[in-house]
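Enquirer: structure for the following, please:
(2 chains)
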Amino acid sequence: MMASDEPTAEISCTVNGQPVRAHVPVRQSLVDFVRHGLGLTGSHVGCEHGVCGACHAVVDGRVVRGCLMLAVQVDGRTVTTIETDQPTAQMRALQDAFFERAALQCGFCTPGMILQASELLTRTAAPTRAEIRDALSGNYCRCTGYHAIVDAVETAAARLRDKAAA
Amino acid sequence: MPRASTRRLVAGRGRYVDDIPAKGEVYAAFLRSPHAHAAFEVVNISAAAAIPGVVRVLTAENIDPVCPPWKCVLRNAPDLQSPEQRPLARRQAVFQGEPIALVVAQSRAIAEDALELIEVEWSERPAAISLEAAAMPDAVPAHENLKSNICWRFEHRSGDPDKAFADAEHVVLRRLVFARKTGVPLEPRGILASYDPSTNGLIVHVSHQMPHQFQLHLAELLGMSPLDVRVICSDIGGAFGIKMHIYPEEVAVCAASRILGRPVKFIADRVESLSSDVHAREHIVEARMAVNTSGMITAIDVDDIQGLGAYSVYPRSSTAEAMSALRAVGGPYRFDNYHALLRSVLQNKVMTGQYRSVGHPVAAAITEALVEDAAAVRGEDSIVFRQRNFLPTEAMPWVSPMGARMIDLSHHACLERMLTLVDYPRLRQEIDTWRQEGRIVGLGLASFVEFTATGAEAYGRAHVPVSSLDGVMLTMEPTGEVRAQCSASEIGQGIQQGLAQIIADAVGVRADKVRVALGDTAASPHGGGAWSSRGAAITGEVAWTAGRKLRNELLNVAAAMLQTTATSLDLRDGRILAADTGAERIAIGDVARTVIFHPYDLPAGTNAQMSVSHTWGRDADPFLPTNGVQASLVEIDPISGLVRPLRHWVVEDCGRIINPLLVDEQIRGGVVQGIGEALYEICRYTEDGQYGSGTLADYLLPMAADMPDIVVAHVETPYSGSQLGAKGAGEAGTCGAPAAVLNAVNDALRPFGGRIDAMPISPVDVLRALGKLPAKAGA
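Expert: The predicted structure follows:
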């Protein structure tokens, strides 16, 4: 909600495949826009200063920190969140592997973790454990200690490779 | 078996507090004291109130009439003196970040705009900050008119420690300094309070670990009946003990909703979380251990100064942490003489409170550091020293000098398993080789006892209304599925899944046929929630008995329907079978449908109960002791002084394991929090009480790239006092990891003659210990 004299701007963008037009406060972050403007609450607000990675969204194919980007900056662009009904093969494989391996506990970091890992697997088909750990070091998890997350990303990568080879 | 409910979470469909909307909700932001200690007057709120979109500006003047102050009182510790605390401070602010005013507005951003326009006149006072200074007799008082900052003094003596120290062959001594840290659940604290004046009803969605306790306190503070206060804790984004307290902000938001008659939401931002969530583990401990000529520990002496912050946290007390530490000192070992002295000190900082493994990591670090020193002074491997001094299995049950009944522990077995797991002789050889190559590498061990699944007496005797009991209600649906309503709380640890499995086994259905509801005071009996690693040991036990009751009901009705006896029937996988042949007789869904829709088909007076409930709390054993051993392998970078954990191993005995997958991940997650405690995490205050760790760039958390893989193994010694035999597992990782890392770092430093006596272990301290930086002045 916004007060009458709050400066706003009109934006048009595509969110999870759907066209969106909205008046947004010019100071509103992307993550607040998708969460409170569009009801896409899968991107979480963990720190609001670009450290924890819980607010990840994908803008024009790149993972961004939704707390460091303004809503007005996605004008004319394509935004994907964890809720998309057209998840990539990487996202689907990661979601399955995270579930099976118990690579999440409270789940607050998980959407950001999956989007970040998905970007890694798009780039690198067979990452080492160290590469996975490096790639996920901008995503804090306070529950798991990361070991199971690294296992899950390895498993997802292996399944995607098997699928590609088949 | 994975947790069924996490399918939602990987899809981004979790429902954390900020994801839950209420029609007409407005948003709260707090004006907080910029000073550690000051008198103040709010002199003008009109400019703030005039901003478009601001609904109301509230101060203590507005809140006090609807909510009285509270104060930490422990009836069994009448000397404990903690000042009154209010939702919004009134005229005195006693820590930086203490809330003094509240703006409710159409958006959080507008509320924050308005905060800047509230006019406050401040008159700064000297502040009591450092633990040592605040504990001095002539210290600056943390509150006006406070005679002493010592909130609580406790002394315990058993046996004859003075004589034991006088007679000792060796006495080793350590002074360890533990810095404040905090839990940092990734979801900050948050609350949505919706007061309905037409019914005088309050519905509260809150990120909290124990909905029932929160409900009771809210009702009392707001002068309401608990029947009119419903507390719902849906998905919780991590808690770790941080979300088990009564905080001023949450109470103020409920009071604001009551005043305004509309929903008010407050979600802490990270700066607020880091500076107003409870901190923990601020201790300066001097400890001594006496060892006789046979190499046996004869006495331990501990002098602990604990930092509390500005208040002893409500309602469970901040002092509980230190008491827990004193109880756990020397845990794995048999010794008869013990002296412990505690001074818990008020300071102008945020409160300290229960954080994962409450107090135990402090105890384990002290104990295991002394064990290393005692072994070193005897010129033997500390493993030999541990094995000689462990409380032997045949000596149990044994009552420790602090009165803890030690039962069902497996110290020797766990250490044996660990030595195999790490391949100890080979690993030691490898370390020697690495050292010859110039690498600075060390291995550290830590044995520990952790007291879990706290019973009624711990808080009951203090007259703090904390339930150690749980209730489970089971309902048989007409489909043959089981609905469970339990008073435990799911905070990511997986108890929802664990309970489903226990109930499934108890009744005789598949786990996916059981749906467990948690975290809603309207939906379950009063019970304990999530704390003290209690879910499997207490709620699990209740769930098992409730499940057996439902099974018996089903067997009895089936027997009536089949004109046979219940004992001739079995119930497996949702089907009633003939006990002797295993032949299927009838599905339980058909039994349930008959009872619910066609009771006239049953013999008169069957009166079958398709819903049962059970409530239970342990009478015996105020705590369930668990034990384990951890090992840490670290490498030190000689240029930067940074410590890198290379490997970490855990052998844990948490009794009967319900879900091995989830238990192992609890342990791994706990270990990494413990590594964070040992190496990175610190809440820094300047000398005048300005908080300096308010962002995640300042407060360092363990990151994926810095953490090692963690090997977990188990020894399973069931608790002998229950049917399931489960004990607590959720905090064990955090209990032993800091001690293991500290010992590993000191093992690495030993060839250089240096030693670390403070946590977190800073690179500067490491470089000093390596002789690469001059020693600290005065050290």
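Enquirer: B:Leu176 in helix, strand or coil?
Expert: strand (DSSP: H, G, I helix; E, B strand; the rest coil).
Enquirer: and it, what's its pLDDT?
Expert: B:Leu176 is assigned a predicted lDDT (pLDDT) of 98.
Enquirer: same check on A:Met1?
Expert: Reading off the model, A:Met1 has pLDDT 49.
Enquirer: gap between the residue of the stretch 551-700 of chain B found nearest chain A and B:Met707?
Expert: Of all residues in the stretch 551-700 of chain B, the one sitting closest to chain A is B:Val672 (3.4 Å; C-beta to the nearest C-beta). (Each C-beta comes from the backbone N, C-alpha and C, glycine too.) Look at B:Val672 and B:Met707: by C-beta to C-beta, to the nearest Å, they are 6 Å apart.
Enquirer: between those two, which has more neighbouring residues?
Expert: Taking other C-beta atoms under 10 Å in any protein chain shown, B:Val672 and B:Met707 do not tie; B:Val672 has more neighbours (30 against 23).
Enquirer: straight-line length of stretch B:66-82, end to end?
Expert: 22 Å (C-alpha to C-alpha, to the nearest Å).
Enquirer: can you confirm B:Arg15 is in a strand?
Expert: No. B:Arg15 sits outside any strand when classified using three-state DSSP, being coil.
Enquirer: can you list the domains in the chain?
Expert: Assuming you mean chain A. Here the domain parsing of chain A from automatic domain parsing is A:8-80, A:89-165.
Enquirer: my bad, the chain I had in mind was chain B
Expert: Split by automatic domain parsing, chain B gives B:6-125+B:189-267, B:279-455+B:620-769, B:469-616.
Enquirer: contacts for the lengthiest helix in chain A?
Expert: Longest helix of chain A, by residue count under DSSP state H: helix A:147-165. Here helix A:147-165 makes contact (C-beta atoms under 8 Å, 6 or more residues apart in numbering or on different chains) with A:89-90, A:93-94, A:96-98, A:100-104, A:113, A:117, A:120-121, A:125-127, A:129, A:132-133, A:136, A:141, B:665, B:668, B:704, B:707, B:709-710.
Enquirer: for stretch B:413-421, same thing?
Expert: B:383, B:386-387, B:390, B:424, B:445, B:447, B:627-629, B:631, B:649, B:651-653, B:711, B:713, B:715, B:717.
Enquirer: of those residues, which belong to strands?
Expert: B:Leu445, B:Ser447, B:Asn627, B:Gly628, B:Val629, B:Ala631, B:Trp649, B:Val651, B:Glu652, B:Asp653, B:Val711, B:Ala713 (DSSP state E).
Enquirer: chain neighbours aside, what residue packs nearest to the third one?
Expert: In this case it means B:Asn627. B:Leu409 (4.6 Å; C-beta to C-beta, 6 or more residues apart in numbering or on different chains).
Enquirer: could you do B:Gly519 as well?
Expert: That would be B:Cys233: by C-beta to C-beta, 6+ apart, it lies 3.9 Å from B:Gly519.
Enquirer: what is the burial count for that neighbour?
Expert: Residues near B:Cys233, counting by other C-beta under 10 Å: 27.
Enquirer: repeat that for B:Pro603.
Expert: 9.
Enquirer: which secondary structure state is assigned to it?
Expert: coil.
Enquirer: separation between it and B:Leu562?
Expert: 11 Å.
Enquirer: my guess is B:Gly159 contacts B:Met402. True?
Expert: No. Counting by C-beta atoms under 8 Å, B:Gly159 sits too far from B:Met402 to count as a contact (11.4 Å).
Enquirer: list the residues that contact both of those two?
Expert: B:Tyr338.
Enquirer: remind me what the helix or strand encompassing B:Leu571 packs against, helices and strands.
Expert: Per DSSP states H and E: B:Leu571 is located in strand B:569-572. Contact here means 3 or more C-beta pairs under 8 Å, 6 or more residues apart in numbering or on different chains; DSSP states H and E; on that basis strand B:569-572 packs against helix B:540-562, strand B:575-578.
Enquirer: so which bits of the stretch 601-750 of chain B are right by chain A?
Expert: B:661-662, B:665-666, B:668-673, B:695-697, B:701-707, B:709-710, B:733 (C-beta under 8 Å from any C-beta of the partner chain).
Enquirer: the helix or strand containing B:Leu646 - what's its average pLDDT?
Expert: Per DSSP H and E: B:Leu646 is located in strand B:643-653. Mean per-residue pLDDT for strand B:643-653: 98.
Enquirer: and the residue nearest to B:Asn627, how far is that from B:Val715?
Expert: For B:Leu409 relative to B:Val715 (C-beta to C-beta), the value is 10 Å.
Enquirer: which one's more surrounded, those two?
Expert: B:Leu409 (26 against 22).
Enquirer: quick check: the more buried one touching B:Phe448?
Expert: No. Between B:Leu409 and B:Phe448 there is no contact, the gap being 10.7 Å when judged by C-beta under 8 Å.
Enquirer: which neighbours do the two share?
Expert: Shared contacts of B:Leu409 and B:Phe448, counting by C-beta under 8 Å, 6+ apart, come down to B:Pro332, B:Asn627.
Enquirer: for the chain, give me the ranges with low pLDDT.
Expert: Since no chain was named, I'll use chain A. A:1-4 (pLDDT under 70).
Enquirer: should've been chain B
Expert: For chain B (pLDDT under 70), the answer is B:777-779.
Enquirer: how about a cut-off of 50?
Expert: B:779 (pLDDT under 50).
Enquirer: what's near enough to touch the closest residue to chain A within it?
Expert: Chain A sits closest to B:Gly12 of chain B, with a gap of 2.3 Å, by C-beta to the nearest C-beta. By C-beta under 8 Å, 6+ apart, the contact set of B:Gly12 is A:Leu40, A:Thr41, A:Gly42, A:Ser43, A:Thr81, A:Ile82, A:Glu83, A:Thr110, A:Pro111.
Enquirer: for those, which two are the farthest from each other?
Expert: By the measure C-beta to C-beta, A:Leu40 and A:Thr110 form the most distant pair in these, at 14.9 Å.
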